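Novice: Next one to model:
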Amino acid sequence: MRKLSTLALVLVVGATLLFMGCSTDAHFRHSGPLVVNTVANVDAKLTLKGDIKGEAEVTRILGFIVLGPTEWAEGVGYGGAAAPAAGGIGALFFGGPGDDHLAKAAAAWNAVKSGNNMVIVAPRYDVHVDDFFVFKATKATVWGKGADIASLTAK
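Specialist: Numbers count the residues shown, from 1 in each chain. Below is the predicted model of the structure:
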């Protein structure tokens, strides 16, 4: 009887640990391969401020533990790519943006934030990946011209 109750306790604790966990997810991530292209018929007047550069690194351990930045720029994945999300166990089973996309979005945010700019004009990215069996480190660097939006007028 004692062995049976010990086994039941171990199973309950094991099941609890299996279904508990922490994950972080951005709320602006879409749930499917829906791509919506929007066209804004506006003339944008930009005030160029000079060269800017940003870097970010994302480390993934055991395929689902993501360490790295907590802030990203939206719209970095051109062509309708998903907005960044931190991954977690859900990304392991249901997919999610790759580490290169996360690092590029965080590098763009760091570049804009460090130069006190609104946008990056003509961004160029350099992504370096060190992939090992247990962990993967992805480092992205972005550089371009920092700019502020002076005005938007309808065409």
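
Novice: what's the weakest-modelled helix or strand in the protein?
Specialist: Ranked by mean pLDDT, DSSP states H and E, the weakest helix or strand in the chain is helix 89-94, scoring a mean of 50.

Novice: for whichever helix or strand comes after that helix, packing partners?
Specialist: With elements assigned by DSSP states H and E, the helix or strand that comes after helix 89-94 is helix 99-114. Applying 3 or more Cβ pairs under 8 Å, 6 or more residues apart in numbering; DSSP states H and E, one finds that helix 99-114 contacts strand 42-61, strand 119-131, strand 135-154. Yep, even glycine has a C-beta here, placed from its N, CA and C like the rest.

Novice: Quick one: mean pLDDT over the first one.
Specialist: Pointing back at strand 42-61 there. Strand 42-61 shows a mean pLDDT of 91.

Novice: buried set for it?
Specialist: Buried positions in strand 42-61, judged by neighbour count with 16 or more other Cβ atoms under 10 Å: 52-60.

Novice: what does the average pLDDT come to for the helix or strand just after it?
Specialist: Following strand 42-61 in sequence order, the next helix or strand is strand 65-67 (DSSP H and E). Strand 65-67 shows a mean pLDDT of 84.

Novice: so what secondary structure elements neighbour strand 65-67?
Specialist: Looks like strand 65-67 contacts strand 42-61 (3+ Cβ pairs under 8 Å, 6+ apart).

Novice: Can you name every helix or strand that the strand it packs on contacts?
Specialist: strand 65-67, helix 99-114, strand 119-131, strand 135-154.

Novice: doesn't L102 make contact with V76?
Specialist: No: the pair V76 / L102 is not scored as a contact, 9.5 Å apart, by Cβ atoms under 8 Å.

Novice: how near is S114 to A103?
Specialist: Distance of S114 to A103, computed by Cβ to Cβ, to the nearest Å: 16 Å.

Novice: Among the two, which residue is more densely surrounded?
Specialist: Using other Cβ atoms under 10 Å as the criterion, S114 and A103 rank with A103 on top: 30 against 13.

Novice: Quick check: closest non-adjacent residue to that one.
Specialist: Nearest residue to A103 in three dimensions, chain neighbours excluded: A140, at 3.6 Å (Cβ to Cβ, 6 or more residues apart in numbering).

Novice: residue contacts, that neighbour?
Specialist: Contact partners of A140, counting by Cβ atoms under 8 Å, 6 or more residues apart in numbering, are 55-57, 100, 103-104, 106-107, 125-128.
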